[in-house]
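1. below is the sequence, then the predicted model.
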Amino acid sequence: MKVIVKEAFRPAQIQHIENELDNIQKIIGGYIDCITIFGGNICIIVDDEAVLKMRHPNVYCPEIGQGIRGTVIFCGVEEDDFRSLTDKEVAVISNYINLFSIT
C-alpha cells in the first residue's frame, strides 16, 4: 500500500509497504497505535511506547494537541482496515507535515 513514512530529523518519503502488522511494527519500531485525522479518512500509525522509549519528537498533531514521537506512517483508512493513500491525500499530508513537522 502507498503510505508516507516520516522519521524524526528526516524528510517524509512516499513508500509502498506490505499491509501486514509485523511489517508496520518493524517500520515504526514497536506496537502500533493509530490517530485518525481529517474526519477519520487518514490514520497516523505511531509507536504506542515512543514516549517511554524516549524517541525524538517528530510531528505535532493538532487533533490531539501534542507532538508525536518516533517514526510515523500516514495511511488511508477504510472501515477497520488500512489502505493506500490517493494522490490527493499524499498532497494534503505532505502539506500537513510541512506545517507541523517538529524536526
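-> Nice, I can see it. Please read these numbers as outputs of a predicted model, since none were measured by experiment. Numbers count the residues shown, from 1 in each chain.
2. what's the local residue count around E49?
-> E49 has 14 neighbours, counted by other Cβ atoms under 10 Å. Every residue, glycine included, has its C-beta placed from N, CA and C.
3. contacts only, for it.
-> By Cβ atoms under 8 Å, 6 or more residues apart in numbering, the residues touching E49 are 30-31.
4. can you rerun that using 10 Å?
-> E49 makes contact with 29-31, 33, 55, 69-70, according to Cβ atoms under 10 Å, 6 or more residues apart in numbering.
5. make a markdown table out of these and add distance to S84, secondary structure and neighbour count.
-> Output for those, formatted as a markdown table (distance: Cβ to Cβ, whole Å; DSSP: H, G, I helix; E, B strand; the rest coil; neighbours: other Cβ atoms under 10 Å):
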| residue | distance to S84 | secondary structure | neighbour count |
| --- | --- | --- | --- |
| G29 | 22 | coil | 14 |
| G30 | 23 | coil | 17 |
| Y31 | 23 | coil | 12 |
| D33 | 21 | strand | 15 |
| R55 | 26 | coil | 20 |
| R69 | 25 | strand | 21 |
| G70 | 23 | coil | 23 |
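6. give me the buried positions along stretch 4-14.
-> 4-8, 12 (16 or more other Cβ atoms under 10 Å).
7. cool, stretch 51-67 as well?
-> Going by neighbour count (16+ other Cβ under 10 Å), the buried part of stretch 51-67 is 55, 57-61.
8. ok so, going back, wait, which of the contacts of E49 is closest to E89?
-> D33 (20.4 Å; Cβ to Cβ).
9. before we move on, which element is N98 in?
-> Element membership of N98, judged by DSSP states H and E, is helix 87-100.
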